[in-house]
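A.B. asks: Next come a sequence and a model predicted from it.
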Amino acid sequence: MDFTIKQYTQLLKSLQSAGFFFQTFTEFLQNPKEKTVILRHDVDRLPKNSLLLATIENDFGIKASYYFRAVPESLDEIIIKEISALGHEIGYHYENLTTCSGNIELAIKDFKLNLEKFRKLVPISTICMHGSPMSKYDSKDLWKHYSYKDFGIIGEPYFDVDFSSVFYLTDTGRKWNNQTSSVRDNVSSGFNLKIENTKQIIYLAENNQLPDKIMTNIHPHRWFELGFNWYKELILQNIKNIVKYILIKYRNCE
């Protein structure tokens with residue numbers, strides 16, 4: 001039974017016991033530790049799940065980075081403020097080329113507007129692209145025309161992390177680093193380390209077999225106590241993964 005709150009708690013314990021230091025993305029950019037986990041959360045939906053994980057992390061003395069979308073299913077002002085008050089970093093999970101149907105000029109205006117909206121709530125110094133797997137637009141392409149640093153942003157993981165030396169772990173598709181269920185959450189990795197499940201990550205941590213620098217991308221809406229919501233997410237994500245697999249195959253044939 002993977003992706004349970006119990007397993008998430010055990011994962012944090014094992015990484016801490018292995019001597020890893022947890023950093024927000026901003027902290028890593030400013031002062032990277034020798035043995036560190038950049039604990040990143042993309043809040044696509046169900047923000048209450050994010051608050052639960054943020055509270056658990058706070059109990060461990062851990063700080064993470066939470067990236068919220070500017071859509072109703074993600075942007076919960078009260079929860080954003082509560083997570084920030086626990087000491088976590090809040091970032092903007094942007095998808096402007098998708099929401100603006102590929103219009104570059106409208107997308108940058110939308111980006112600026114949403115960034116200002118977030119900054120009225122909490123400080124924002126980093127951003128992270130939302131993959132929008134069903135969209136034909138890649139919102140990272142916005143930065144072929146503009147610079148996010150002009151907006152006071154110091155980093156974007158897909159541009160500002162050297163993944164040849166930082167091991168990337170993402171639970172996209174409710175699987176770990178699975179290319180068949182990830183449309184855009186991919187990096188050019190310098191590591192040949194296949195991860196089957198959370199239990200394996202815990203084992204590798206306990207046996208000092210993980211790389212010294214890791215960025216995780218953990219989506220809080222995938223993690224539940226074992227019960228109805230856990231099974232619901234399992235079934236829905238398996239269906240989505242089939243659709244994404246077909247989509248990836250189609251785009252590769254274009």
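C.D. replies: Noted; the coordinates are in hand.
A.B. asks: can you list contacts of stretch 190-206?
C.D. replies: 2-3, 7-8, 10-11, 14-15, 17-18, 20, 163-165, 167, 169, 176-177, 209-211 (C-beta atoms under 8 Å, 6 or more residues apart in numbering). Placement of C-beta: from N, CA and C, glycine included.
A.B. asks: okay, now residue 136: neighbour count?
C.D. replies: 11 (other C-beta atoms under 10 Å).
A.B. asks: swap in residue 217?
C.D. replies: Other residues within reach of residue 217, judged by other C-beta under 10 Å, total 21.
A.B. asks: Contacts only, for it.
C.D. replies: 40-42, 168-172, 185.
A.B. asks: Tell me which entries of those residues lie within helices.
C.D. replies: Per DSSP state H, helices hold no members of these.
A.B. asks: Please indicate which of those are buried?
C.D. replies: Using 16 or more other C-beta atoms under 10 Å as the burial test, those include 40-42, 168-172, 185 as buried.
A.B. asks: Which two among those residues are spaced furthest apart?
C.D. replies: 41 and 168 (14.4 Å; C-beta to C-beta).
A.B. asks: so is the closest residue to residue 92 other than its chain neighbours in a helix, a strand, or just coil?
C.D. replies: Leaving out its chain neighbours, the residue that sits closest to residue 92 by C-beta to C-beta, 6 or more residues apart in numbering is residue 127, at 4.7 Å. Here residue 127 is recorded as strand under DSSP: H, G, I helix; E, B strand; the rest coil.
A.B. asks: What's the separation between residue 127 and residue 208?
C.D. replies: Distance from residue 127 to residue 208, counting by C-beta to C-beta, to the nearest Å: 33 Å.
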